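Undergrad: Mind looking at a prediction? Sequence and model below.
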Amino acid sequence: TMDRDKRWPRTQIGYDVIASHQGFEGRTAETARAAIEASHADGVTDEFVKPVAIDCGDKDVTIRPGDSVIFYNFRADRMRQPVTIFTDRAFAGFDREFIEDLFIVTMTNYDDAYPVHVAFPEQAITNTLAEVLCKHGLQQFHAAETEKYAHVTYFFNGGVETMYEGEARHLEPSPKVPTYDLQPEMSARRLTDAVVQRIAEHDDDFILVNFANPDMVGHTGVLEAAIKAVEAVDECAGRLVEAIVAKGGIACVTADHGNCDRMIDLYTGNPHTYHTTQPVAFFVIGYDGYLNMRPRGALADVSPTVLELMGVPQPPEMTGKSLLEHSGK
């Protein structure tokens, strides 16, 4: 239901449950627990559990004109498609009858264009890395495939949908497969081709690239596919680093959390399908000199580190600290 890749049949399955009370393939259950247990018995777990209608007897639990509807998820990228169905009269992703006079509340602001009430309005995030680079007149390029495009645009820019002056973007479509273990390389190679070409043809001061594979394939719990995903990203990241260093640039390689690093639960032996909290690496490649780096850091330290490498002052809004303890030629 919370698809973010414009695969509307996925979202329609969830919509049919709450708008017409038709579970996937007509499935119903007396309780949510019973629905989950039945799905697990069929070998379908985690995010692959299909929507099920809860049997409430004679009670009408479908959304009707004049109802109040609350969207609880705080993640904007995962909620835009479901909200669009209920707010956009001209929606054409699939056939449905528009439900009139709904009072819709969203947990956070998913998009300024939605005619909804926001329970917790967003706080302005100022002087993000992208904004600081813009203020210093620097050119930047953000690239990802569909599954992570919001991460290098809306999220990275502090909840700002529009591009900053001097910012360019590239979206590489993610493959249309049911689950990414079926195509673990995803669109990494095409994304890399586009960025390498950009490096050759432009002189951007800052380039941001997100590889979706280790996270998206890691969530499937399929070890063999995760290995192929990591191998594909290793190949592509190597190509990017070579292109950056060849042009005299500095490459930083890191992550915001783990996933593929643990594919089997050590206690149960079952597939491990969620993020890990193990420390991630932060590599600096291509610096012309020597660097001493702190052995431990946090995500808040990444932007200050990048700014120091670029010779740009760190704004007071950034409370992290550069990972560079000392550098020299």
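TA: Ah, there it is.
Undergrad: can we go C-alpha only for contacts and neighbour counts from here?
TA: OK.
Undergrad: could you pull out the strands for the stretch 51-200 of the chain?
TA: With DSSP state E, counting those that start in this stretch, the ranges of strands along the stretch 51-200 of the chain come out as 53-54, 68-71, 103-106, 117-118, 140-145, 167-172.
Undergrad: Now for the residue lying closest to R64 once chain neighbours are set aside, how many residues are close by?
TA: Nearest residue to R64 in three dimensions, chain neighbours excluded: I99, at 6.7 Å (Cα to Cα, 6 or more residues apart in numbering). As a burial measure, I99 scores 16 neighbours (other Cα atoms under 10 Å).
Undergrad: Check D77 too.
TA: Neighbours of D77 under the rule other Cα under 10 Å: 21.
Undergrad: before we move on, what about V217?
TA: So V217, with other Cα under 10 Å, has 29 neighbours.
Undergrad: W8 too?
TA: Neighbour tally, W8, other Cα under 10 Å: 18.
Undergrad: Where do the helices of the stretch 101-250 of the chain begin and end?
TA: Along the stretch 101-250 of the chain, counting by DSSP state H, counting those that start in this stretch, helices occupy 129-135, 149-150, 188-201, 213-216, 223-246.
Undergrad: Would you confirm that the residue nearest to R64 contacts F86?
TA: Yes - taking Cα atoms under 8 Å as the definition, I99 is a contact partner of F86 at 6.9 Å.
Undergrad: quick one: contacts for the residue positioned nearest the centre of the chain?
TA: With distances taken as Cα atoms, centre = their mean, K148 lies nearest the centre of the chain, 4.1 Å away. Residues near K148 by Cα atoms under 8 Å, 6 or more residues apart in numbering: 210-212.
Undergrad: Go again with 10 Å.
TA: By Cα atoms under 10 Å, 6 or more residues apart in numbering, the contact list for K148 reads 4-5, 77, 155, 171-172, 174, 209-213, 215-216.
Undergrad: about what we covered before: which neighbours do I99 and F86 have in common?
TA: Residues touching both I99 and F86 (Cα under 10 Å, 6+ apart): A19.
Undergrad: Could you tell me how far I244 is located from M216?
TA: Using Cα to Cα, to the nearest Å, we find I244 at a distance of 26 Å from M216.
Undergrad: These two: who's more crowded?
TA: With neighbours defined as other Cα under 10 Å, I244 and M216 compare such that M216 has more, 23 against 19.
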